[in-house]
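[1] pasting the structure only:
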């Protein structure tokens, strides 16, 4: 019905966690809580605690950071989960022009405030950038430089944008090798394409390196 609460119940979420854990023979270790926007769920703190109680060793919240920027008490509550907890923060670049094109609003100051609040409460954070050719593909080195100078940021994830359907704009597509090449060029070869290793789960689309 119009206006009806669309949040999953705690009972349903518990069932989903149990299904995942059982599918991994009781050995599932990592759980990423996503959405929609998971921080808008009225019981998000209980959901994280439920995951911990069920034996997940590492729990991540995949978020746009809006509530984290605006609700410091919420961030303090999240900080109680230190150890095996992380924020997976949407972060597309360091200019509002990028956010206006990708998210249709100016978000840079909100992102910076979210990072400041997470740093204040020592919550590990990974920045997650959706990369689109012609929008923020020239900002990858800048994002890495920013990240290395911010306390609490433990990683950066660059995700090439995906398009579906007949209207997919081929000229805006970017590949994994395209991302890696840009990183090398934009960091003056401090990070080289040859530094990355493919992950067996999908060698054509996933590669990692450590600093």
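    Happy to help now that I have it. The shown structure was predicted, so the numbers you read here are calculated from the model rather than taken from an experiment.
[2] please count neighbours and contacts with C-alpha atoms only from this point.
    OK.
[3] buried sites along the helix or strand residue 185 falls within?
    Using DSSP states H and E, residue 185 sits within helix 176-186. Residues 176, 179, 180, 181, 182, 183, 184, 185, 186 are the ones in helix 176-186 that count as buried (16 or more other C-alpha atoms under 10 Å).
[4] state the distance from residue 76 to residue 93.
    Relative to residue 93, residue 76 is positioned 26 Å away (C-alpha to C-alpha, to the nearest Å).
[5] pick out whichever of those two has more residues nearby.
    residue 93 (28 against 17; other C-alpha atoms under 10 Å).
[6] now do the contacts for that one.
    99, 108, 129, 136, 139, 140, 142, 143 (C-alpha atoms under 8 Å, 6 or more residues apart in numbering).
[7] just the buried subset of those residues, please.
    99, 108, 129, 136, 139, 140, 143.
[8] out of these, who's nearest residue 57?
    Nearest to residue 57 among the buried ones among the contacts of residue 93, counting by C-alpha to C-alpha, is residue 129 at 25.0 Å.
[9] which stretches of this protein form strands?
    For the chain, the strands defined by DSSP state E cover 30-33, 58-63, 85-90, 125-131, 153-160, 197-198, 207-208.
[10] distance from the chain centre to stretch 42-53, please.
    19 Å (C-alpha atoms, centre = their mean, to the nearest Å).
[11] what does stretch 136-145 give?
    On C-alpha atoms, centre = their mean, the centre of stretch 136-145 falls 16 Å from the chain's centre.
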